[in-house]
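Chemist: Model the following, please.
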Amino acid sequence: MHIFTMQIQYPTSCYNPQGSEPGFSFDPLETIERMASANAVVIFSISTCYMCQAVKRLFSNMGVNATVYEIDENVSGKELAEALKTLLGGGVSSIVPAVFIGGKLIGNMDRVMAAHINGNLVPLLKDAGALWL
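Modeler: Take a look at the predicted model:
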């Protein structure tokens, strides 16, 4: 039996301590870019989303140790969700899972699966240093 494990991080950089420091401004787009570029594969997820679970399992089964940010468990989750919606083009049906590989936005579940089926996902993962085959 395979035990499903994933690295989940809750960085302090994405919390919004507005009011705690004079002059502090929180930019969700900048925060997402910083979080997405910090690791080879980054997934923005919602803990109860079945599509998020599926994409996390896909990467895990491929041997990729993705960094997962559960935005519903984050103080600034609503702001991050709005920023993801902007990055994804606003017209998407679901903002999660939002997958970044090598700091570049791949997209949501549809785009990740299309890249996988077309054979483009593995080269992206290799180029980002997330997969060694």
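Chemist: Contacts only, for Ile32.
Modeler: Ile32 sits next to 44, 80, 83-84, 87 when contact means C-beta atoms under 8 Å, 6 or more residues apart in numbering. All C-beta spots, glycine's among them, are computed from the backbone N, C-alpha and C.
Chemist: shouldn't Gly103 be in contact with Arg34?
Modeler: No - using C-beta atoms under 8 Å, Gly103 makes no contact with Arg34, being 9.6 Å away.
Chemist: Strands of this structure, residue ranges please.
Modeler: Using DSSP state E, the strands assigned to the chain run over residues 7-8, 41-45, 67-70, 98-101, 104-107.
Chemist: Point out the most buried one among those strands.
Modeler: Burial of those is given as mean neighbour count (mean count of other C-beta atoms under 10 Å); strand 98-101 ranks first at a mean of 27.
Chemist: Can you tell me the strand partners of that strand and which way each runs?
Modeler: Sheet neighbours of strand 98-101, with direction, are listed as strand 41-45 (antiparallel), strand 104-107 (antiparallel) (DSSP bridges).
Chemist: Including mean pLDDT, could the ones you listed go into CSV?
Modeler: Formatted as CSV, the strands paired with strand 98-101 follow (pLDDT from 0 to 100):
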stretch, mean pLDDT
strand 41-45, 97
strand 104-107, 96
